[in-house]
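Asks: what follows is a predicted protein model with its sequence.
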Amino acid sequence: MTELDAGIAISFGARTLRDKAETGQASLEHLYDQYAHALFRYALALVGSPEDAEDAVQEVFVRIAGEQKRSESIANVKAYLFAATRNAAYSILRSRRRRARLEQAMCAESEAGHPEEASARLSRSSVLREVFAELPIEQREVLVLKIFDEMTFKEIAETVGASINTVGSRYRYGIERLRQALEEEHDG
């Protein structure tokens, strides 16, 4: 019996995946074959993007594969999968809103102040957006959580599953890269 079979007890009709004679991989593949298309269609309706819908469905099946220590069985697999897909889709939508707020905040900064400075601020904002998009996702994530969601390094560390020192380093490297880009824009 594989770890997946031993750890996940998802009800499938009258049988659980644990009780099935198939391997854990085959059971997961069976679930995927049976539900992936419907879950994708549902996620697509929620997020509106095929790429994001695929990400949501993938996240659900990765989570199922990783739940090796799950002790309680799930009474209704279909309901569970659709609820998990909904949660993943909403997570993607929240991320989109955060990115939009970040872009709005960067643009608002460029519009504030004296009219003669507006052009320079717009240029800086554009540079910041460009450099921010080029940062490794780990650094972007930390910057957004720290600056816009006002989380502590400890809260961020718990959220992203990294040490406080790692989070601090990601923040420092991200801020430094943004500063360098501004200096290059100012000097150039």
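Replies: Yep, that arrived.
Asks: residue boundaries of the helices in the protein?
Replies: Per DSSP state H, the chain carries helices over the ranges 3-7, 24-47, 50-66, 77-111, 115-134, 137-147, 153-160, 164-187.
Asks: okay, the ones you listed in TSV with mean neighbour count and mean pLDDT next?
Replies: To be clear about C-beta, it is placed using only N, CA and C from the backbone, and glycine gets the same treatment. Converted to TSV, these look like this (neighbours: other Cβ atoms under 10 Å; pLDDT from 0 to 100):
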stretch	mean neighbour count	mean pLDDT
helix 3-7	17	36
helix 24-47	17	86
helix 50-66	18	91
helix 77-111	15	80
helix 115-134	14	71
helix 137-147	19	84
helix 153-160	16	87
helix 164-187	15	88
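Asks: mind checking how far Gly48 is from Ala89?
Replies: Using Cβ to Cβ, to the nearest Å, one gets 10 Å for the distance from Gly48 to Ala89.
Asks: er, Glu176 I mean
Replies: Separation of Glu176 from Ala89 (Cβ to Cβ): 35 Å.
Asks: ok, now Leu128?
Replies: 29 Å.
Asks: equivalent analysis for Ile164, please.
Replies: 31 Å.
Asks: same check, this time on Tyr80
Replies: Using Cβ to Cβ, Tyr80 is found at 15 Å from Ala89.
Asks: same check, this time on Lys146
Replies: 26 Å.
Asks: walk me through the domains of the protein.
Replies: As assigned by automatic domain parsing, the chain contains the domains 3-93, 113-187.
Asks: in TSV: these, plus distance to Glu103.
Replies: Below are the domains of the chain laid out as TSV (distance: least, Cβ to Cβ, whole Å):
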stretch	distance to Glu103
domain 3-93	16
domain 113-187	6
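Asks: out of the ones you listed, which gets nearest to Ala105?
Replies: Of all those, it is domain 113-187 that lies closest to Ala105, at 7.0 Å by Cβ to Cβ.
Asks: gap between that closest one and the chain center?
Replies: Once both centres are worked out by Cα atoms, centre = their mean, to the nearest Å, domain 113-187 turns out to sit 18 Å from its chain's centre.
Asks: how near is Arg97 to Arg63?
Replies: Going from Arg97 to Arg63 by Cβ to Cβ gives 22 Å.
Asks: oops, could you answer that again for Tyr42 instead?
Replies: 16 Å.
Asks: what does Leu102 give?
Replies: According to Cβ to Cβ, Leu102 and Arg63 sit 27 Å apart.
Asks: kind regards, and thank you for your time.
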